[in-house]
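Novice: Sharing a model that was predicted from the sequence below.
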Amino acid sequence: MADPPSARNPERSNEREDKRSLFQKLIEFIRPGPDSTHELIETLADAEDKEVINAESRVMLEGVLRLSDMTAGDAMVAAPRMDLLDIDAPYEQLLRDVITTAHSRFPVYQGERENIIGILLAKDLLKLQRAPELNLRTLLRPAMFIPESKGLSDLLRAFRISRNHLAMVVDEFGRTAGLITIEDVLEQIVGEIEDEFDIDADEGDIFALADHSWRVAGDTPLERVNEAFGVRLGADPQGDLEAEFDTVGGLIAHEMGHVPKRGEHHRMGTLDFHVLHTRGGAVRWFKVVRVPPTEA
């Protein structure tokens, strides 16, 4: 059996390796590699300009790089904005809260909101309907607690290992600071994960529906809403807009006195705002219906 070329002539093989190594060193000397995350991101931008990678790949790679510098505290839903379930609430109330918020997992507390005793999967709540004699506590899953300082890269790894999709975030004093889901982490890499309520940006933030109503994004500028519907929401008696409210969502949250939840209604003038979808404690979409002046 013939020996491979490298075995027949080891000196020639070493010479090729030396030349390749020397060439690589020469390239690195002429154009040194990035020494920081910022330089690496700039390199990715150059690669996109040269069509080595496409825009989506660049965005995802940048997200992966930035993920290493982010902590759970940077991406969590703050405690005041969390949707929780009370272990002592009646079944009808629990079911109504699950339907209204439309989450798949809920932290459950007893007594005070700080006292998280477990996580309830929305689908597990259906078991109580078939077997009312079941104790809700038996359906709870252990809650995962992490510090605010935990890196998102480590958290994503922990989610994969433990198969958890939600973790409670605690501050340095052991108090509940918020919660974070695996979706929150992944969105730092791929961007916002759209759902059935999300509309492409080029379709606009106000658009008509077939039933003569409108779907309006919560972050739509208040001036744009006033112009589109011919109203003067947020105007004071002198006719000047309240400068503190830049968006229709901010104005309605102020008028209601709390963070709006899915399913809630609020009427302002001749417009009725129905909360369709919320995320992170803010309204993503309203359904807007005109109210006859007599009803208004």
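Specialist: Great, that's in hand.

Novice: start to end distance for stretch 121-140?
Specialist: 8 Å (Cα to Cα, to the nearest Å).

Novice: What residues sit buried inside that stretch?
Specialist: Within stretch 121-140, the residues scored as buried using 16 or more other Cβ atoms under 10 Å are Leu121, Ala122, Asp124, Leu125, Leu128, Leu136, Leu139, Leu140. Any C-beta I mention is one placed from the backbone N, CA and C, and that applies to glycine too.

Novice: Let me see the domain layout of the protein.
Specialist: The chain breaks down into these domains under automatic domain parsing: 72-190, 201-290.

Novice: among these, which gets the worst mean confidence?
Specialist: Note on the domains of the chain: domain 201-290 shows the lowest mean pLDDT, a mean of 79.

Novice: roughly how far is it from the heart of the chain?
Specialist: Its chain's C-alpha centre and that of domain 201-290 lie 21 Å apart, by Cα atoms, centre = their mean, to the nearest Å.

Novice: cool, stretch 148-163 as well?
Specialist: 16 Å.

Novice: Could you export it as PDB, CA atoms only?
Specialist: Presented in PDB, the C-alpha positions along stretch 148-163 are these (Å, rounded to 0.1, in the frame of the first residue of the first chain):
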ATOM      1  CA  GLU A 148     -30.600  40.300  38.300                       C
ATOM      2  CA  SER A 149     -26.900  40.000  37.500                       C
ATOM      3  CA  LYS A 150     -27.200  36.600  35.800                       C
ATOM      4  CA  GLY A 151     -25.900  36.900  32.200                       C
ATOM      5  CA  LEU A 152     -28.300  36.100  29.400                       C
ATOM      6  CA  SER A 153     -25.900  33.600  27.800                       C
ATOM      7  CA  ASP A 154     -25.800  31.600  31.000                       C
ATOM      8  CA  LEU A 155     -29.500  32.000  31.500                       C
ATOM      9  CA  LEU A 156     -30.300  30.700  28.000                       C
ATOM     10  CA  ARG A 157     -28.100  27.700  28.800                       C
ATOM     11  CA  ALA A 158     -29.900  27.200  32.100                       C
ATOM     12  CA  PHE A 159     -33.300  27.300  30.400                       C
ATOM     13  CA  ARG A 160     -32.200  24.600  27.900                       C
ATOM     14  CA  ILE A 161     -30.800  22.300  30.600                       C
ATOM     15  CA  SER A 162     -33.700  22.700  33.100                       C
ATOM     16  CA  ARG A 163     -36.400  22.900  30.300                       C
END
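
Novice: hmm, back to that, okay if I get the buried residues of stretch 121-140 as TSV plus distance to Val169?
Specialist: Listed next are the buried residues of stretch 121-140 as TSV, based on distance: Cβ to Cβ, whole Å:
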residue	distance to Val169
Leu121	20
Ala122	21
Asp124	23
Leu125	24
Leu128	28
Leu136	24
Leu139	23
Leu140	19
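
Novice: possible to save those residues as TSV with distance to Thr278 and secondary structure?
Specialist: Listed next are the buried residues of stretch 121-140 as TSV, based on distance: Cβ to Cβ, whole Å; DSSP: H, G, I helix; E, B strand; the rest coil:
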residue	distance to Thr278	secondary structure
Leu121	20	strand
Ala122	16	helix
Asp124	23	helix
Leu125	20	helix
Leu128	25	helix
Leu136	25	helix
Leu139	25	helix
Leu140	24	coil
